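Undergrad: Sequence and predicted model, in that order:
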Amino acid sequence: MSKTLKILSFFTISTLLFGYVVNILFSKTCVDAHHGFNNISVIEINTGASEKIATPWYQSFIFGQRFFQHQNKTYVLLHKHGDNLVLAKNSDLIATTFLSPTALITLTTLLLAMVFVFRVEKKKHKNSKALHAVHQDIDNLLSLLDIKTQTLHHGGPLAQISHAVHAITDNVNKIKLQTDSHIYQDKLTQLIDRHAYLEHLDIQLTQAEKKNQHCGLLFIDLDGFKQVNDSFGHSFGDEILIQVANRLSSIVKQFEIQDIHPIHGLEQNLSRLGGDEFSIFIPKIDNASFCTQVAQSILNEIERDFILGNKIVKIGASIGIAIYPESASHPHALLQMADVAMYRAKTDGRGIFKVYSPEMGSKIRRYHYLLEELRLAIASQNFHLSFQPIVHVEDCAIDYFEALIRWHHPIEGLIPPAEFIPIAEESNLILELGDWILLESCRQMSAWHNAGMKRVKISVNVSGIQLKHRPVAQWVTDTLEKTGLPASSLMLEITESTLITASDQIIEELEACRRAGVTIAIDDFGTGFSSLSTLADLPIDVIKIDKLFITQASQNAKYHKILNSISELGTQLGLKIVAEGVEQAEQFELVKSMGIRCVQGYLVSRPETSHNVGTKVLKGNVNHVASTGTSIWLPEGKQ
């Protein structure tokens with residue numbers, strides 16, 4: 001029913017009700033007037049003296065009364081006796097009736113009721129418009145969320161809105177569930193990520209503490225995964241990770257160590273921590289042998305062939321195992337200890353597993369201690385360079401100096417490069433440290449060059465990390481410009497293992513350096529298992545034979561032959577050959593007899609400070625340096 005119809009209906013009923021009340025009151029007024037109970041005057045006339053008139057328009061409200069016309073005025077019949085009529089003026093009766101308290105109260109009540117009804121209807125109309133707007137908004141929201149709902153054929157707007165809200169709520173709950181899953185889920189492998197895994201570990205270890213249970217945690221790192229990415233591309237690498245995740249999931253099921261989340265349904269005891277690192281949590285173990293069984297099964301699974309299209313790829317894994325509470329009692333610490341054990345597995349040969357022991361913990365503490373100290377030392381440039389000469393075997397003329405970094409710790413004293421350089425490389429601190437080494441080496445060599453040593457070079461070791469993260473050609477050129485050193489006076493030493501895995505871009509950068517005049521040397525030759533064809537393609541000028549071959553050549557005939565072959569190979573390729581690690585006179589004579597023209601080692605000289613080098617080379621030898629562009633550095637026993 002519309003608003004207008006409702007108001008009209010109420011108005012009609014109110015009018016009828018008011019008319020009924022008025023009719024009763026009018027009748028009562030007439031009676032009171034007949035008996036003289038009010039102030040209305042009455043007249044009595046003969047029937048012939050009056051004229052009966054027709055029913056007036058308000059007869060429907062004042063029914064049951066007879067009206068007469070007398071002297072142009074309307075009268076109401078009060079009583080009749082014989083031929084006489086007792087009449088009262090109609091206007092007086094009506095006035096008295098409407099002015100009576102009952103009539104006024106009734107009228108006021110009806111008016112108030114009408115106002116109330118009108119306001120109620122107005123409010124309903126306003127609410128109806130608001131509901132319509134809400135309903136429209138909800139319809140738009142349903143459309144936006146692509147929610148399909150069945151139309152209700154019963155109930156009003158509120159029921160429709162309630163039905164739609166329930167549909168939206170159900171959909172939002174589903175979206176929330178999916179969102180929660182995505183938040184804690186690795187996008188590639190669909191396993192839970194490190195954050196969710198650590199939260200799960202926290203809950204599990206708390207329960208294990210209450211139940212006095214032992215738990216195990218396996219840290220899994222893939223071996224050879226980087227080579228897959230480099231050789232086949234990241235899409236192949238991603239497929240490997242997905243297959244690894246599937247194989248690890250089967251291991252979790254096989255050993256019945258599953259823990260499915262009750263809401264989003266993800267496996268909580270298996271996680272991809274990041275990159276090619278995974279972890280499995282074993283919530284209850286009786287002894288560590290169960291963990292080793294799981295670890296061995298994982299190694300067997302990972303070692304199986306991976307099929308990628310028409311290619312077969314082989315990789316391995318190294319696994320570290322930590323036991324709760326023996327290894328650690330908190331999630332982060334337990335994961336860290338398993339990580340330490342995994343690194344031990346990699347160090348001891350890869351493709352194996354190791355259980356964490358306190359001895360491993362001392363090494364990791366040493367690592368982090370040196371890492372922080374190294375950061376401080378780099379910030380304060382708390383390093384110095386030593387210089388070891390490389391000389392010609394015929395006359396001991398200096399060919400070049402190798403710049404070697406030294407770190408004299410204020411508490412521990414001299415820390416060997418073999419201990420801190422690997423830490424610098426793993427943490428990328430080698431980038432800052434390498435910048436300083438190259439700059440200081442070139443600055444020192446520039447001073448010696450200006451002093452007359454124009455045929456002597458300075459050799460600087462460059463790591464694979466620097467080659468990967470530095471635009472080598474521009475980096476070297478900028479340093480040479482800063483120090484004023486000619487490019488021909490600089491040599492870069494790069495290990496064989498780094499060069500044979502270098503990208504095409506790195507090779508091009510090194511070629512650019514060679515074109516500018518910089519010499520490139522391959523260091524530790526013989527330890528990287530490079531093929532001869534690879535060697536022919538590398539941008540190198542100098543081969544430095546690893547100390548191992550020099551040491552073994554005088555005792556082992558095979559090493560003697562290999563050393564002799566390398567010398568002949570260098571001669572045929574037009575490369576300069578340098579023998580490293582020459583410490584005895586017999587070794588010196590051996591490499592000389594093989595045609596190797598340059599040697600380096602303690603027999604010639606240990607690394608010296610720049611001051612000692614300047615004193616030995618320049619003092620009293622200025623004329624020789626000026627005429628030859630180099631100087632003589634006799635072995636210590638021949639001075």
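TA: Great, that's in hand.
Undergrad: nearest residue to residue 526 other than its sequence neighbours?
TA: Counting by CB to CB, 6 or more residues apart in numbering, residue 546 is the residue found nearest to residue 526 once chain neighbours are left out, at 4.7 Å. Just so you know, the C-beta spots here come from the backbone N, C-alpha and C atoms, and that holds for glycine as well.
Undergrad: Over to residue 207?
TA: residue 213 (7.8 Å).
Undergrad: contacting residues for that neighbour?
TA: For residue 213, the contact set (CB atoms under 8 Å, 6 or more residues apart in numbering) comprises 207, 283, 284.
Undergrad: got it, and residue 114?
TA: Counting by CB under 8 Å, 6+ apart, residue 114 has contacts 10, 11, 14.
Undergrad: Report the mean per-residue pLDDT for the helix or strand harbouring the last one.
TA: Of the helices and strands defined by DSSP states H and E, residue 14 is found in helix 3-34. In this model, helix 3-34 carries a mean pLDDT of 77.
Undergrad: If you count contacts, what does it end up packed against?
TA: Helix 3-34 is packed against strand 73-81, strand 84-89, helix 90-98, helix 101-144, with contacts defined by 3 or more CB pairs under 8 Å, 6 or more residues apart in numbering; DSSP states H and E.
Undergrad: Return the most buried member of these.
TA: strand 84-89 (a mean of 20; mean count of other CB atoms under 10 Å).
Undergrad: Can you list the buried residues in the lengthiest strand in the chain?
TA: The residue-count maximum for a strand in the chain (DSSP state E) belongs to strand 398-409. For strand 398-409, the neighbour count (16 or more other CB atoms under 10 Å) marks 398, 399, 400, 401, 402, 403, 404, 405, 407 as buried.
Undergrad: What strands flank it, and is each parallel or antiparallel?
TA: Applying DSSP bridges to the sheet, strand 398-409 is found paired with strand 384-392 (antiparallel), strand 413-415 (antiparallel), strand 457-461 (parallel).
Undergrad: Quick one: mean pLDDT over the second one.
TA: When the per-residue pLDDT values of strand 413-415 are averaged, the result is 92.
Undergrad: Could you tell me the angle between the next helix or strand after it and strand 398-409?
TA: Remark: after strand 413-415, the chain's next helix or strand is helix 417-426, criterion DSSP H and E. In terms of direction (axes from the mean of the first three to the mean of the last three CA atoms, to 10 degrees), helix 417-426 departs from strand 398-409 by 80 degrees.
Undergrad: strand partners of the strand or helix carrying residue 43, parallel vs antiparallel please.
TA: Residue 43 is located in strand 42-46, with elements delineated by DSSP H and E. Applying DSSP bridges to the sheet, strand 42-46 is found paired with strand 84-89 (antiparallel).
Undergrad: Mind exporting the C-alpha coordinates of the partner strand to CSV?
TA: Output of strand 84-89 as CSV, limited to C-alpha atoms (Å, rounded to 0.1, in the frame of the first residue of the first chain):
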residue,chain,number,x,y,z
ASN,A,84,-46.9,21.9,18.4
LEU,A,85,-43.2,21.5,17.8
VAL,A,86,-40.5,22.3,20.2
LEU,A,87,-37.5,23.6,18.2
ALA,A,88,-33.9,24.8,18.9
LYS,A,89,-31.8,26.8,16.5
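Undergrad: so where is the stretch 501-639 of the chain shaky, pLDDT-wise?
TA: For the stretch 501-639 of the chain, applying pLDDT under 70 flags the ranges 527-535, 620, 636-639.
Undergrad: again, only this time at 90
TA: For the stretch 501-639 of the chain, the stretches flagged by pLDDT under 90 are 501-504, 523-540, 545-575, 585, 594-595, 614-639.
Undergrad: and residue 518, how many neighbours?
TA: Using other CB atoms under 10 Å, residue 518 has 24 neighbouring residues.
Undergrad: That's all I had, so thanks and see you.
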